[in-house]
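Undergrad: When you get a sec, could you give me coordinates for this:
(chains A, B, C and D)
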There are 2 protein chains.
Amino acid sequence: METITNKQRKVNMPGRGMMSPGWGGKFRGCGYRMTLPRQAILNVLQKTKKHLSAEDVYMEAHKIFPHLGLTTVYRTLELLTDMGELNKFDFGDGRARYELMEISEEDHHHHLVCTKCKRIINYSDFVDEELEFLKRAEKGLSKKYNFEINNHIIQFYGVCDKCKKSK
Amino acid sequence: METITNKQRKVNMPGRGMMSPGWGGKFRGCGYRMTLPRQAILNVLQKTKKHLSAEDVYMEAHKIFPHLGLTTVYRTLELLTDMGELNKFDFGDGRARYELMEISEEDHHHHLVCTKCKRIINYSDFVDEELEFLKRAEKGLSKKYNFEINNHIIQFYGVCDKCKKSK
DNA sequence: AAGTTAATGAAAATTATTTTCAATAAAAAG
DNA sequence: CTTTTTATTGAAAATAATTTTCATTAACTT
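TA: Predicted structure coming up:
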């Protein structure tokens, strides 16, 4: 596990493999700056397929950039969410959970949430018919309510296989 | 605004008009008891079409049953949610919001959430095609993952009419 | 009417998240 | 490359929603 220090800054800057290019531009395009803490946080978000909480992100990013503070994690997650680059979820366990858009998009899925054990199952079945439905709904809704739709969430709640068996 | 006192208990018990019959039975069927605080809370939930927070419910129910405590509101809302009688939502404003299943069902709708002003628009368009999609998804998912689906959430996030205009 | 036990409310505790503010470091300017 | 500007940072304190504790009360049972 390599850590990022200030001296290594240029080596680890976007476009050199550690990071998909473009993040710096995205930030700067919105008037923000690309910083080491933000890089570390993005690295963590890009490497996982899990739904991390702010604390989870902090623990992981802290390994790469030890000086990182939890506050900065919260701020960065909020920023990315506002920029539309990050999906924020509530699975009912009392903390927000996050997933990069980038990842949701290349692997379009929704969630089955077990209300007993809080397990999350990603599913990507029915994507075709779902996209069909979503496309029409979005078009119709944005017209009728003059509402600009940027994102959507579909979640099913119920009892998972394991919890059904352990009853 | 009438308040409920202990002396009025029998008068106000379910089945006498203040309350749709059956709540007492539902509670007892699950091993719980029908109590005055719960009646007051249910009254509030049944009278509104808004998405109330725990605090909202407390303020309203407190008018009917002044001895009520906020803790009891939280407990009752959790209980009803676990019983599958109440939908719990997170619209991103830092507090949970609730809506009786009873009401969601008789007026099936989903939500447009404005990420700028947090306004919630209920919509019930596309319900037919949606039901079609949901029915198939639920059947397929419950078979493939052996997941018992009890509920679902669909939310669209974006910018509402007013916020678009005030840009 | 008395007994059993779930439910209650006040206060304290917990916990995720936000705010404050002086110090730091990106990007811009010279 | 140095200086300037200003966004960003992290530690600590503050906030606010929700949960827990525990002695008391009141639903339902007998």
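Undergrad: just checking, residue A:133 touches residue B:131?
TA: No. Between residue A:133 and residue B:131 no contact is recorded; they are 10.3 Å apart, counting by CB atoms under 8 Å. Every C-beta, even on glycine, is put in place using the N, C-alpha and C of the backbone.
Undergrad: And the two? Which one has more around it.
TA: residue A:133 (20 against 11; other CB atoms under 10 Å in any protein chain shown).
Undergrad: which residues touch that one?
TA: Residues in contact with residue A:133 (CB atoms under 8 Å, 6 or more residues apart in numbering or on different chains) are B:126, B:129-130, B:133.
Undergrad: try it again with 6 Å
TA: Under the criterion of CB atoms under 6 Å, 6 or more residues apart in numbering or on different chains, the contact list for residue A:133 reads B:129, B:133.
Undergrad: helix or strand for residue A:132, which one?
TA: helix A:127-145 (DSSP states H and E).
Undergrad: Now do that helix: distance to the chain's middle.
TA: Centre-to-centre, helix A:127-145 and its host chain are 23 Å apart (CA atoms, centre = their mean, to the nearest Å).
Undergrad: next helix or strand past it?
TA: Next element after helix A:127-145 (DSSP H and E): strand A:148-159.
Undergrad: Which positions within that following strand qualify as buried?
TA: Neighbour counts using 16 or more other CB atoms under 10 Å in any protein chain shown place A:148-149, A:151-159 of strand A:148-159 among the buried residues.
Undergrad: out of those, who's nearest residue B:93?
TA: Nearest to residue B:93 among the buried residues of strand A:148-159: residue A:153, at 15.4 Å, using CB to CB.
Undergrad: who's in contact with the nearest residue to that closest one once chain neighbours are set aside?
TA: By the measure of CB to CB, 6 or more residues apart in numbering or on different chains, the closest residue to residue A:153 outside its immediate chain neighbours is residue B:155, 4.8 Å from it. The neighbourhood of residue B:155, defined by CB under 6 Å, 6+ apart, consists of A:153, B:111, B:113.
Undergrad: Include pLDDT and distance to residue A:84 when you put those residues into a markdown table, please.
TA: Shown next, in a markdown table, are those (pLDDT from 0 to 100; distance: CB to CB, whole Å):
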| residue | pLDDT | distance to residue A:84 |
| --- | --- | --- |
| A:153 | 91 | 14 |
| B:111 | 94 | 19 |
| B:113 | 95 | 14 |
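Undergrad: so which of those residues also contact DNA strand D?
TA: Residues of these in contact with DNA strand D (CB under 7 Å from any atom of the strand): none.
Undergrad: Now flag whichever of the residues you listed is closest to residue A:97.
TA: residue A:153 (11.9 Å).
Undergrad: That closest one and residue B:48: what is the separation?
TA: 24 Å (CB to CB, to the nearest Å).
Undergrad: same deal with residue A:71?
TA: Applying CB to CB to residue A:71 and residue B:48 gives a distance of 37 Å.
Undergrad: Check whether residue A:152 really touches residue B:156, as I assumed.
TA: Yes. Counting by CB atoms under 6 Å, residue A:152 does reach residue B:156; the two are 4.8 Å apart.
Undergrad: Now do the end-to-end distance for stretch A:27-39.
TA: 11 Å (CA to CA, to the nearest Å).
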